[in-house]
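> My questions are about this predicted structure, shown below with the sequence.
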Amino acid sequence: MSSGEKPVSASASAAFSTVVDETCERLMDRQIQYSIRRIHEMENRLAVLEQELDAFLFSKDGK
């Protein structure tokens, strides 16, 4: 610490820690929501592929 700097008070340090914790928690929540959204998108694409494969296989069986 240089001679012109004041020490950080305990309350300022606690407030900063609270802000950092809340920000990290919100970031984690956003990452989780993004992952859930991507999983749902992949599930929807998989369902479409399954339907197309079933249609293809059943059309070959009918020939």
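Perfect, I can see it now.
> So which residue is dead centre in the chain?
Gln31 (2.0 Å; Cα atoms, centre = their mean).
> any idea how far that one lies from Asp21?
Distance of Gln31 to Asp21, computed by Cβ to Cβ, to the nearest Å: 16 Å. For every residue, glycine as well, the C-beta is placed using N, CA and C.
> mind listing the helices for this protein?
Here the chain has its helices, by DSSP state H, at 10-61.
> Flag the shaky bits of it, pLDDT-wise.
Filtered on pLDDT under 70, the chain yields the residue ranges 1-3, 62-63.
> rerun at 90
Scanning the chain for pLDDT under 90 picks out 1-8, 10, 12, 60-63.
> if I look at Leu27, how far off is Glu41?
Distance, Leu27 to Glu41, using Cβ to Cβ: 21 Å.
> next one: Lys6
51 Å.
> Looking at the two, which has the bigger crowd around it?
Glu41 (10 against 7; other Cβ atoms under 10 Å).
> Please list all residues in contact with the more buried one.
For Glu41, the contact set (Cβ atoms under 8 Å, 6 or more residues apart in numbering) is empty.
> how near is it to Tyr34?
11 Å.
> And Ala47, by the same measure?
Relative to Tyr34, and taking Cβ to Cβ, Ala47 is found at 21 Å.
> Next: Asp61.
Distance from Asp61 to Tyr34, by Cβ to Cβ: 41 Å.
> do Leu49 as well
Taken as Cβ to Cβ, the span from Leu49 to Tyr34 is 23 Å.
> To what extent is Tyr34 buried, counted in neighbours?
Tyr34: 10 neighbours (other Cβ under 10 Å).
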